[in-house]
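Asker: Give me coordinates for this.
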Amino acid sequence: MVNFVSPGVYVIEKDISDYAPSINTSVVGVVGFAGKGPLNEATLITNQNNLIRKFGPPSEGIPGQGLEGSVEILEQTSQLYFIRAGTSTATDSSAIMQFGTCPSVLVSGNVAGTTDVGFGVTDNLYLTIQVYDNAGTAKFATPKNFAIPADTATSGQANAIASIVGGALDSDEVGCFDAGDTVLQVSGSLVGRYAGSGASIAVSAFSAATYDATAGMSALQPASALGLSANYMGSGMPLSHAQGYASSVVAYGASIVKTGGNSVGYGIVSLYEGDGYNGGTKTDGNASGNSITVANLGGPNFNVNINQDGVVDEQFKVGFTTSGNFIETAINTGETNTTSEIIKGNIIYENADVAANSLSAFGLLTSSLVNATVTDSTNNTFAMTTQWLDPTNMTGLVDGAGTDTPTNTTINVVGGSRWNKLIDAAAQDMAGGDNGTGSDAVNNTALIGDSTANPKTGMQALDEDELNIGIALVPGFANQNVQNALITLAEGTENFLALVSPPYAIGGVQDAIDWSNGKSGSTAGVRTAAINSSYAAIYWPWLKVFSVFDAKDRWLDPTIYAARQMAYTDTVADSWFAPAGYRRGRLTKPTEVEVKLNQGDRDSMYSGGNVLNPIVGFPQQGITIWGQRTTQRSPTALDRINVRRLMIYIRKIILIATQRFVFEPNDEFTWSQIEGVLNPFLDDIRRRRGITEFRVVCDETVNTPVRVDRNELWTKVLIKPTKTAEILIFEINLTNQSAQLGNL
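Answerer: Reported below is the predicted structural model:
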């Protein structure tokens, strides 16, 4: 403590407001398989929609019932951790979207190559334009006229044309661009909105606003992927039209091969492995899984839409330019810092990812986009398909009609082309994803996981204190190795109660009892070791429930509804109340029990050393959980679920509430502080009917000199847990008329 040596007033703040915090006792951990979502990672799920979006819908084609169970449990809790198990055979789903270039028409410049003269600066120009998308559909109902009189701009022909024609808006069908090129600044390129070899732009130039052939002016030249350098390079683009300019031209875009040699594409891969990302068609004809659509916008941008079951789920407005939303910045390229919950994407050259560069201008070549890794001319070539219509043979006007049929030509072009976009695409299904499931042995190994791996895999991922798992299950799997591993993990961590069940179709009551006692050789499920732990509970029989995902009845693992009712119990009461009986164990969704149990069946399952919790279909009260035993065979308070869950809760709170006392002086003051934290906490549980009596001892009787010398601080907590009334007995005595009832 500071020693104050001079006169003055000092204030010292000390916080001694210690108290025991509260925790959620309804956090459920579910281990299972899924068609999508992160593998071997405890993922927090807060509602059913979140579950389906992250891991996909339940399906009978997926082993086990992890997703089915999670859907049911999330009706009663808002905190569930789903661990998707998987193996190294799991693969990504993918799709490759095709690159293309937009059609462009070059407007002639001036011999001097200066920006102070030109169309829209010193001369008039009138244009009629029609734009066609990659399917050949005209985008203007009638060709559109544009008047660009002199003095539209004071500097730069391209600027003058752009101010009238446009190109900056998403809705623009055509635009004028200079590509950041000093040559094009004195001319300008008219660029259609749509990329691809089927896309085109038809333009006519006139010297007067009559927009007819009498005013036609040879000021246009189509630019193609073929002869690209000749079309765009050179010191001047003379106004005298000596380089093959025409008054009416049609220019076509290009498609770039997306796989194989000299290819480039945008490779889309599912964020995680799994066949749940694969696109397809449901039995009712509706789309399923994920597909990708691309929609070209005005200027350099386009939309990439990720569809879920045929409906747009995510949309990204992107492009290849720096000034726009560069596609590899807008859409994550890996699994970290994700902007998409479904995909990751990379620009690929010859089927391999490249470290792509954003383009500083829309009109730069394709090679500039992949220049970070593709630098020499032998690897800087692109196989491009385009159509070419020689303007000297063009007799039609702006509607694109001509005497010659355009020729489809594929050629390897060094450098690629300008005006790059992804080509418009209808829904393209993602394909190739695999869940990584296999034989029973493979699946069981994946579920059990590896505690030595970093990060831990399978159910071993439950072994994290910060998750605060209170209940855990692996629904749909009755393999004894999987169940024993879960119970062992529960005992080792002391954090949760493991729920297990005999397999479906095990047989009758005696078969289920034999299974729990390790005497089952049934083809439905072998168990050679009895289950005996206060950290486990067995429920049986299975329950029939209508599945909205399959539109049919399915038999579900009873542990699903045991976990659900524990969460319900925590909502309407506390974790130390029994999750059974008509008040807290009644099930409204199941329609049938696998085996109907009578009183004798229930007696056999619940007594004589047997530890099965029956689920009973009562004639009037309905299907109800009618037991709350743990699998501990010894007759102690911990052979009941309500007491085990109480002790899990008390242990967690004590650990959290007393961490702050580590390294404090081991003396009466600290002992008193610990008692001051624990006594109110336990008294609160007593008032809430969890315990009937308690005592906290933290003094010299437990902190002996030897223990203090070993730097140990001991606290003894004694509690009497509240027991449940499971057997209600009413003794009815008949007396004669002279009996004095007050004395009996």
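
Asker: thinking I342 is in contact with I292, fair?
Answerer: No - counting by CB atoms under 8 Å, I342 does not reach I292; the two are 9.7 Å apart. Where you see a C-beta, it was placed from the backbone N, CA and C, and this is true even at glycine.

Asker: counting contacts, what elements does the longest helix seen in the chain pack onto?
Answerer: Determined from DSSP state H, the single longest helix within the chain is helix 668-687. Judged by 3 or more CB pairs under 8 Å, 6 or more residues apart in numbering; DSSP states H and E, helix 668-687 is in contact with helix 641-658, strand 691-697, strand 716-721.

Asker: from the ones you listed, which stretch is densest packed?
Answerer: Comparing the helices and strands packed on helix 668-687 by mean neighbour count (mean count of other CB atoms under 10 Å), helix 641-658 comes out on top with a mean of 20.

Asker: what's the angle between it and strand 691-697?
Answerer: 30 degrees (axes from the mean of the first three to the mean of the last three CA atoms, to 10 degrees).

Asker: Give me the mean pLDDT for helix 641-658.
Answerer: Helix 641-658 shows a mean pLDDT of 97.

Asker: So which elements touch it?
Answerer: Partner elements for helix 641-658 (3+ CB pairs under 8 Å, 6+ apart): strand 497-500, helix 668-687, strand 716-721.

Asker: Output the first one as CSV, restricted to C-alpha atoms.
Answerer: Below are the C-alpha coordinates for strand 497-500, written out as CSV (Å, rounded to 0.1, in the frame of the first residue of the first chain):
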residue,chain,number,x,y,z
LEU,A,497,-24.2,-35.3,-18.5
ALA,A,498,-23.9,-37.8,-21.4
LEU,A,499,-27.2,-39.1,-22.8
VAL,A,500,-27.2,-42.5,-24.6
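
Asker: Partner strands of that strand, with direction?
Answerer: When pairs are called by DSSP bridges, strand 497-500 turns out to pair with strand 471-473 (parallel), strand 536-540 (parallel).

Asker: JSON lines for those, including mean pLDDT, distance to V706 and mean neighbour count?
Answerer: Output for the strands paired with strand 497-500, formatted as JSON lines (pLDDT from 0 to 100; distance: least, CB to CB, whole Å; neighbours: other CB atoms under 10 Å):
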{"stretch": "strand 471-473", "mean pLDDT": "98", "distance to V706": "39", "mean neighbour count": "30"}
{"stretch": "strand 536-540", "mean pLDDT": "98", "distance to V706": "38", "mean neighbour count": "27"}
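
Asker: among those strands, which is nearest D603?
Answerer: strand 536-540 (14.7 Å; CB to CB).

Asker: Report all helices and strands that the very next helix or strand once past the closest one contacts.
Answerer: Proceeding N to C from strand 536-540, the next assigned helix or strand is strand 543-547, under DSSP states H and E. Strand 543-547 makes packing contacts with strand 552-556, strand 592-593 when contacts are defined by 3+ CB pairs under 8 Å, 6+ apart.

Asker: Count the residues that sit near the residue nearest to T591 when sequence neighbours are not counted.
Answerer: Excluding its sequence neighbours, the residue lying closest to T591 (CB to CB, 6 or more residues apart in numbering) is K544, at 5.3 Å. Residues lying near K544 (other CB atoms under 10 Å) number 15.

Asker: doesn't E594 make contact with K544?
Answerer: Yes - with contact defined as CB under 8 Å, K544 counts as touching E594 (7.4 Å).

Asker: Quick check: neighbours shared by these two?
Answerer: W555 (CB atoms under 8 Å, 6 or more residues apart in numbering).

Asker: Quickly list the domain ranges of the chain.
Answerer: 28-85+437-573+586-624, 102-254 (automatic domain parsing).

Asker: Output these as CSV; include the columns distance to F382.
Answerer: Converted to CSV, those look like this (distance: least, CB to CB, whole Å):
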stretch, distance to F382
domain 28-85+437-573+586-624, 34
domain 102-254, 8
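
Asker: now for those, which one comes closest to I96?
Answerer: Once these are compared by CB to CB, domain 102-254 is nearest, at 14.9 Å.

Asker: Just give me how far that closest one sits from the chain centre.
Answerer: On the basis of CA atoms, centre = their mean, to the nearest Å, domain 102-254 sits 45 Å off its chain's mean C-alpha point.

Asker: for the helices and strands packed on helix 668-687, which one sits closest to T571?
Answerer: Across the helices and strands packed on helix 668-687, closest to T571 is helix 641-658 (CB to CB), at 14.0 Å.

Asker: where along the stretch 501-650 of the chain do the strands fall?
Answerer: Assigned by DSSP state E, counting those that start in this stretch, the strands in the stretch 501-650 of the chain fall at 520-522, 525-527, 536-540, 543-547, 552-556, 592-593, 612-618, 622-625.

Asker: And the stretch 201-350 of the chain, by the same measure?
Answerer: Under DSSP E, counting those that start in this stretch, the stretch 201-350 of the chain gives strands at 220-223, 248-252, 254-256, 264-270, 280-281, 287-288, 290-296, 302-308, 311-318, 343-349.

Asker: hmm, who's touching the third one?
Answerer: It stands for strand 254-256. 98-101, 195-198, 224-225, 263-265, 366, 382-386, 416-417, 423.

Asker: Residues that sit against both of I342 and I292, list them.
Answerer: Residues touching both I342 and I292 by CB under 8 Å, 6+ apart: I306.

Asker: can you tell me which residues contact the nearest residue to G196 once chain neighbours are set aside?
Answerer: Leaving aside its chain neighbours, G196 sits nearest to N134 (3.5 Å; criterion: CB to CB, 6+ apart). When contacts are counted by CB under 8 Å, 6+ apart, N134 touches 100, 194-199, 253, 423-424.

Asker: ok, of those residues, which one's closest to N598?
Answerer: When those are compared for distance to N598 (CB to CB), D424 comes out closest, at 67.3 Å.

Asker: Next, give phi and psi for the closest one.
Answerer: The phi/psi pair for D424 (degrees, to the nearest 10) reads phi -50, psi 140.

Asker: Which of the helices and strands packed on helix 641-658 has the highest mean neighbour count?
Answerer: Highest mean neighbour count among the helices and strands packed on helix 641-658 (mean count of other CB under 10 Å): strand 497-500, a mean of 28.

Asker: before we move on, back to that, same list (the strands of the stretch 201-350 of the chain) but as TSV, adding mean pLDDT, mean neighbour count and distance to Q79.
Answerer: Listed next are the strands of the stretch 201-350 of the chain as TSV, based on pLDDT from 0 to 100; neighbours: other CB atoms under 10 Å; distance: least, CB to CB, whole Å:
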stretch	mean pLDDT	mean neighbour count	distance to Q79
strand 220-223	78	25	60
strand 248-252	88	28	57
strand 254-256	93	28	49
strand 264-270	96	24	27
strand 280-281	92	13	33
strand 287-288	92	18	29
strand 290-296	97	23	27
strand 302-308	96	21	25
strand 311-318	96	15	25
strand 343-349	95	22	28
